[in-house]
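Chemist: Quick one, what's the 3D model for this:
(2 chains)
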Number of protein chains: 2
Amino acid sequence: MTDLFKKEDIQLLWDSTVGIERETKRVNEDGTISENPHSDQWGHRSYHPYILTDFAEAQLELITPPLKSSEEVQNWLAASHQIVATTNDEHGELLWPFSTPAYIPEDRDTVKVAQLSDPAEVAYREHLAEYYGKDVQLISGIHYNIEFNPQIMDQRIEETIAGSDTDFKTAKSAYYVEFGRRYLRYRWLLTYLNSATPYVSDNYGTELYGQPHKQGMRSIRQSRYGYRNHPEVQVSFNSLEEFVQDIERYVEEDYLMLEKEFYSDVRFRRGAPLREMLDDGIDYIELRNFDINPLHPYGMTTEDMDFVKLFTIALLFKNEPTTMDDVNYGHALNQQTAEEDVLAPIADKDEAYMLLDLMTEMAAELPNADYLLQIVDDKRQQIERPELTLSGRVFKNVQTAPSFLEYGIELAKEYQELYLKDNYTMHGFENFELSTQDVLKEAMRLGVKIDVIDAVDNFVRFTFKDQVHYVRNGNMTSLDSLVSYFMMENKVVTKDILDENGIAVPQGEQFNLAEKAKQYYPLVKDMPIVVKPKNTNYGIGITIFNHPASQEDYNAAIDFAFEKDDTVLVEEFIEGTELRFYIENGEVLAIVERQPAFVTADGKHTVSELVDIENKHPLRGKAHFAPLTWIAKGREEETVLKDQDLTFDSIPEDGRKVFLRQNSNISTGGISIDRTDEVLEEYKIYAAEAAKALESYYCGVDMMIGDWTQPVSEENRYAIIEANFNPMITLHRFPGIGQERPIGLHVVYAIFPELKELDGKMK
Amino acid sequence: MTDLFKKEDIQLLWDSTVGIERETKRVNEDGTISENPHSDQWGHRSYHPYILTDFAEAQLELITPPLKSSEEVQNWLAASHQIVATTNDEHGELLWPFSTPAYIPEDRDTVKVAQLSDPAEVAYREHLAEYYGKDVQLISGIHYNIEFNPQIMDQRIEETIAGSDTDFKTAKSAYYVEFGRRYLRYRWLLTYLNSATPYVSDNYGTELYGQPHKQGMRSIRQSRYGYRNHPEVQVSFNSLEEFVQDIERYVEEDYLMLEKEFYSDVRFRRGAPLREMLDDGIDYIELRNFDINPLHPYGMTTEDMDFVKLFTIALLFKNEPTTMDDVNYGHALNQQTAEEDVLAPIADKDEAYMLLDLMTEMAAELPNADYLLQIVDDKRQQIERPELTLSGRVFKNVQTAPSFLEYGIELAKEYQELYLKDNYTMHGFENFELSTQDVLKEAMRLGVKIDVIDAVDNFVRFTFKDQVHYVRNGNMTSLDSLVSYFMMENKVVTKDILDENGIAVPQGEQFNLAEKAKQYYPLVKDMPIVVKPKNTNYGIGITIFNHPASQEDYNAAIDFAFEKDDTVLVEEFIEGTELRFYIENGEVLAIVERQPAFVTADGKHTVSELVDIENKHPLRGKAHFAPLTWIAKGREEETVLKDQDLTFDSIPEDGRKVFLRQNSNISTGGISIDRTDEVLEEYKIYAAEAAKALESYYCGVDMMIGDWTQPVSEENRYAIIEANFNPMITLHRFPGIGQERPIGLHVVYAIFPELKELDGKMK
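Modeler: Model (predicted):
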């Protein structure tokens, strides 16, 4: 079964899924290990799919789901790093960018093992600390999980066993074990190219392995001073049966406390106990020989992820049987490579070229061949020039820095800034609407499993324990009913239902005939009204009568509106402020007022300069990609300035509010102002009643109010203008002015009420 | 307050709402009164808003809600007549088209008073039978309820009382009472024009009034032999206070058993007891002096409804005070007119012209002036020619018929046929989708109150007792969740979710690059597949491989599909039959198979003739307006025939199934065949599981099955092709072949579970 795949399968193999586990330590700003506990902001370690702890309490493990492309893997890492960094920032913590620590406290007791809720897990870690020493356990790494595309792998296995007695799962496991042997035989090349631990803190060392004889070797982590089991532990990769038996024996003989204590660069994965794999087969393989790349904020570059994938696919086509002798040869070559000086020449140049040639051959078959060939060529250069390898570059950087510790802190600070950049987005998920990003981020933080169903539609599946919820566009869920959506989707129906339920809506009528509209005059002659074409843009064709109109003026307004549209609305005009109420299940969670783009003059700068200053507001950016939009300096803005007797070059007097727009849309520079705690309770009740009448769970109610600081009266009226079934979250989450409201979080609470109880109380 | 309105108000007054109550008797085919009880198919009389009983058990009262136009009133009457007639048809009953009976059994005891559940109501009717005699109580009529548009009426009242002490409700009631006096003064003209009871059965008569001295008077119903209280009962219309006091006094003195026993041609309406009106005001007015028009299936023509409306509006502008003397004069003139010979000249020609002139003047102000002026002109001719009045025409018809009874039976049979025409529609509601019509019809039958929210959107509100439900397009309700809708709306998401839940969907992939699609070949090389452009119409660009394709043929199919679209799907092809499963709350209510348009040859007719014969199928009609569509004889059909070596002129052999189309859409003549009881349970379970995975309440699951009479096996596969959030009801309600399934009824049951318990068990 050595030659399982055919050349035509390469594209399908490229679609194999990869998931990354990236370990990292939380450190203080001086590089010392944080003594803060794992934050209760990160859900619960016992089930969190993305944010866990490894050995030490301060040692985070950030996990991505299996994904088809390296770009996606980076996106998920970006998100989990951002979430973790946001909390760390509050505690003055950074993420240590190296696999190896630059600082270990002399008093090892200050380093706590992970305080998991399962006492067995804590005991296991105490055992590890005791047996291997805390120092080695403080080493972090990257684990690379790959499942070869089962669509093609399973088919090829089926073909191979057709007509024989071999069972499918056994055959598939055997092939994974064969692959494991090949990987162990050839992984030394990856160690040569991608190692990144030439340094470790000077007081690093353990009783079991001793202390490295020198700094500056290619990979301390992969050397004999790294993460190793007792030398007695020699596990066979001859077959899955032997593999499992060996590990079971070492556990029985107390060389290992648990099966998972077997530290190998290759692990076969399905679940515990290992023996189950004999019946159920191997699902995927975990490759564990990767040092964290300190030159990348998430520990591994996209190119290296792709390089490793190409390397594994090349091995699939390295069609010759691999024996345990080969594996042992590979172990030795790998240790040699790890322990060599970073600038030492490569151990086996011919084999390196052979492997890279095979990879080149594979790359040529793929649609993204140019990109992959470039990566392979870059590695090719490193064969001849060890200083270009990752360890070579890291070594040089540390040498020119004040110290390993200070160099690490510098990188950590740089990355921390990057993790927190545009923190209103969810890093890696910027192709979703901002509203969805807010919900996704809170869900990920709390440990809800996320599956993207359709990114374009902002459609995701959330799983928490055994509960599954689908969410579209941030707050469209199973909590809302279908008919409620249709009620709000049709503005005539909305108004009809609100009116029917005794809620104030602008009184009015729509007309298809000017004559009929004019005959409506007696009904509106005593009230402020607005006459408008049904479908109007930019206010064209609208006439507002702040004071009762004469029949003549009214008729003229009707004729004017009918010039623009076949249908004309005559509506009561409610003067005042428009507020947006965000309602969840009958409760007003937030209220904002929206104002058109404006700047406040200081008597010194021109309007143009004031706009430049305002555009530096951290929430402003490109329309729809930031909570607020940059204010433009176009013709529309010019016209609005002209109405105020201003130009962009004017220097208005100190304190003057200068408007750049008439409309308050966020996408044209408008600003939202939080008013949640200021608006009179009375209006919140009206808004909540409207949402209830529309049978909605989530509802954005737009209300015109004469003066929202005063109760409703004959003179101070209100009316509900519109109701939205998918109210924008960002308006409240990141208002331009005023308090931020955690709206996305409430969505997660609503669909998983248990999380509301648990949030902030978890470990 | 006599001159309340201004000329400019006429258009708004025309928008006043009118509701009709139409009484009618259920009779057997020989004209005898039905002794069947009020059907338990018609909900419960104690709350039914549309179908009730009046005095006798066989005396139906069909009620419309208040509506702005006479067309709408006719629509509601059409629907209630159809519903009642559908049940009557099962019992061999007809609706008697006259106000007056042509047959009264000699043994009056066989006529039962309405057996209502409230014993007080039965006792009241027993009293009426005792006191007035059953004969007079068997007379039916039309009541015309009008509420003058409160938008303008309330405003004018407010203006009138501004600055005075008069309270609004008192003022409004006073105006309605003033209107009542005017109406009683002038209603004689309506009696002259629209009476229709020159005949009554020969044995008609009561102890109280005696027997009419002759047949052939204009209106026996409105004469002294009609529906009258004891002559002592003389109620003042001077003021609402006097009116209420008088009635209360007559009840106290036992001239009336209940307040509602006061039979006047005018009733003020709000609710019982009358005294409450003194505080709460009058809401609307009921005009009761209308004989049923036997020449119209619903008892009153649209023109006469509009004529009466115009008459009432004209009276609003007849701005002179009306006294009780005037009222009494009106009573006398009306009685004289009623009791005159049908061909006698009009009593007061000058007054008639005066009233018609006033109506002409009003009509000229309205947008539909031409239509209204024509109506008034028609009536004008009847002033000079009594034989053209309704009574005149009816009199003549009866004279030329074998007998009054036989003439009535003939009309009743003609109407019965009309009531049942195209019974798959809901009469008067044909502008709704057929699916919505089915639900509306069942709702109306069961006594659910219906409000049309938006006819174009098929959006209705259902009210039953204190429960309100909104329904869109027949089965989109609050029972379905918003996110379930989005799951099904996005076909990729549907498939993803079904797949995730272990439900069979056609395996496949979509591609944007031909190269990538071709590399997919290894995965599909052993299975039947279909290669198709993503957005395809009429099968253009599709290649089906019933047997595994060669790489060469596969590549050619990919290139062919990419010529038609930028996105191409490669999908497993499941050969077999496509079935539609209609699922409600996890239960499969119905299954149909759809077949393309076909005819079965008889060896005698040409294909063209066979199509003509098939097109006479009672369910076939214009696309979307009938459950099945007429089969066309176009180019498409010609091509399909050619593929079968046929033309429209061929005479195929007896028994041959000749297809006219390839696609099975109903709109191109396809037919649905009920398979509910035939399909194996196994497939129903899969369909129900799919609906559950999609979290749907209502779901139409489209499933391909190799052979639905056989269980699933390697050779006999199935897959779910699509799921629909708004599955068509008509497919199952009126299949072309097989059993009808009461799907709309189930919707009503689902939203009002109480009705499921009560249906068929009500009286």
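
Chemist: Any figure for the gap between the nearest residue to A:Asp707 once chain neighbours are set aside and A:Ala688?
Modeler: Among residues not flanking A:Asp707 along the chain, A:Asn716 sits closest, at 5.4 Å (C-beta to C-beta, 6 or more residues apart in numbering or on different chains). Every C-beta, even on glycine, is put in place using the N, C-alpha and C of the backbone. Applying C-beta to C-beta, to the nearest Å, the value for A:Asn716 to A:Ala688 is 20 Å.

Chemist: Neighbour count: these two, which is higher?
Modeler: A:Ala688 (19 against 14; other C-beta atoms under 10 Å in any protein chain shown).

Chemist: My reading is that the more buried one is in a helix; is that accurate?
Modeler: Yes. Secondary structure assignment places A:Ala688 in a helix (DSSP: H, G, I helix; E, B strand; the rest coil).

Chemist: Please list all residues in contact with it.
Modeler: Contacts for A:Ala688 (C-beta atoms under 8 Å, 6 or more residues apart in numbering or on different chains) come out as A:Phe581, A:Ile583, A:Gly586, A:Glu587, A:Val588.

Chemist: want to throw those into JSON lines with pLDDT and distance to B:Met217?
Modeler: JSON lines is the format used below for the contacts of A:Ala688 (pLDDT from 0 to 100; distance: C-beta to C-beta, whole Å):
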{"residue": "A:Phe581", "pLDDT": "98", "distance to B:Met217": "68"}
{"residue": "A:Ile583", "pLDDT": "98", "distance to B:Met217": "67"}
{"residue": "A:Gly586", "pLDDT": "96", "distance to B:Met217": "65"}
{"residue": "A:Glu587", "pLDDT": "97", "distance to B:Met217": "70"}
{"residue": "A:Val588", "pLDDT": "98", "distance to B:Met217": "70"}
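
Chemist: farthest pair in those?
Modeler: A:Phe581 and A:Gly586 (11.5 Å; C-beta to C-beta).

Chemist: Could you report the pLDDT at the closest residue to A:Gly92 other than its chain neighbours?
Modeler: Distances taken as C-beta to C-beta, 6+ apart put A:Glu29 closest to A:Gly92, at 5.7 Å, once the chain neighbours are dropped. A:Glu29 is assigned a pLDDT of 96 by the prediction.

Chemist: So what's the residue count around A:Glu29?
Modeler: 13.

Chemist: pretty sure it is in contact with A:Trp96, am I right?
Modeler: No. In this structure, A:Glu29 is not within contact of A:Trp96 by C-beta atoms under 8 Å, at 11.6 Å.

Chemist: how much space between A:Gln507 and B:Leu240?
Modeler: Taking C-beta to C-beta, one finds A:Gln507 at 29 Å from B:Leu240.

Chemist: and what of A:Tyr749?
Modeler: In terms of C-beta to C-beta, A:Tyr749 sits 58 Å off from B:Leu240.

Chemist: just to revisit the earlier point, looking only at neighbour counts, state which of A:Gln507 and B:Leu240 leads.
Modeler: Neighbour count, other C-beta under 10 Å: between A:Gln507 and B:Leu240, B:Leu240 has more, with 20 against 17.

Chemist: got the contact list for that one?
Modeler: B:Ser173, B:Ala174, B:Val177, B:Phe268, B:Met277, B:Leu278, B:Ile282.

Chemist: three-state assignment of the fourth one?
Modeler: Secondary structure state of B:Phe268, per three-state DSSP, is strand.

Chemist: burial count for the closest residue to it other than its chain neighbours?
Modeler: Nearest non-adjacent residue to B:Phe268, counting by C-beta to C-beta, 6+ apart: B:Ile282, 4.6 Å away. Neighbour count for B:Ile282, taken as other C-beta under 10 Å: 22.

Chemist: Hmm, B:Ile282 is touching B:Ser173, no?
Modeler: Yes. Assessed by C-beta under 8 Å, B:Ile282 is found in contact with B:Ser173 at 4.5 Å.

Chemist: residues shared between the contacts of these two?
Modeler: With C-beta under 8 Å, 6+ apart, B:Ile282 and B:Ser173 have common neighbours B:Leu240, B:Phe268.

Chemist: show me what contacts the residue of the stretch 501-650 of chain A found nearest chain B?
Modeler: In the stretch 501-650 of chain A, the residue that lies nearest chain B is A:Gln519 (3.8 Å; C-beta to the nearest C-beta). A:Gln519 sits next to B:Glu8, B:Gln11, B:Leu12 when contact means C-beta under 8 Å, 6+ apart.

Chemist: and what of A:Tyr698?
Modeler: Neighbours of A:Tyr698 in contact, by C-beta under 8 Å, 6+ apart: A:Asn475, A:Met476, A:Thr477, A:Leu479, A:Asp480, A:Ile583, A:Glu584, A:Phe725, A:Asn726, A:Pro727, A:Val747.

Chemist: If we check chain B, which of these are in contact?
Modeler: Applying C-beta under 8 Å from any C-beta of the partner chain to these, one finds that A:Met476, A:Thr477, A:Leu479, A:Asp480, A:Phe725 fall near chain B.

Chemist: Name the residue of the stretch 251-400 of chain A that lies nearest to chain B.
Modeler: A:Pro367 (6.5 Å).

Chemist: That residue contacts B:Glu515, correct?
Modeler: Yes. If you go by C-beta under 8 Å, A:Pro367 and B:Glu515 touch, sitting 6.5 Å apart.

Chemist: of these two, who's got more company?
Modeler: A:Pro367 (13 against 10).

Chemist: and the closest residue to chain B within the stretch 101-250 of chain A, how many neighbours?
Modeler: Closest to chain B within the stretch 101-250 of chain A is A:Gln151: 5.4 Å, counting by C-beta to the nearest C-beta. Close neighbours of A:Gln151, defined as other C-beta under 10 Å, add up to 17.

Chemist: For A:His48, give me its contacts.
Modeler: A:Trp42, A:Gly447.

Chemist: run the last query once more with 6 Å
Modeler: Shown in contact with A:His48 (C-beta atoms under 6 Å, 6 or more residues apart in numbering or on different chains): A:Gly447.

Chemist: for it, helix, strand, or coil?
Modeler: coil.

Chemist: per-residue pLDDT, it?
Modeler: pLDDT, A:His48: 94.

Chemist: do the same with A:Thr536
Modeler: Reported pLDDT for A:Thr536: 64.

Chemist: all helices for the stretch 251-400 of chain A, in order.
Modeler: Assigned by DSSP state H, counting those that start in this stretch, the helices in the stretch 251-400 of chain A fall at A:276-280, A:302-316, A:324-339, A:349-363, A:369-384, A:390-400.

Chemist: elements contacting the third one?
Modeler: When you say that, I think you mean helix A:324-339. helix A:168-186, helix A:188-194 (3 or more C-beta pairs under 6 Å, 6 or more residues apart in numbering or on different chains; DSSP states H and E).

Chemist: buried residues in the first one?
Modeler: Spelled out, it's helix A:168-186. A:170-186 (16 or more other C-beta atoms under 10 Å in any protein chain shown).
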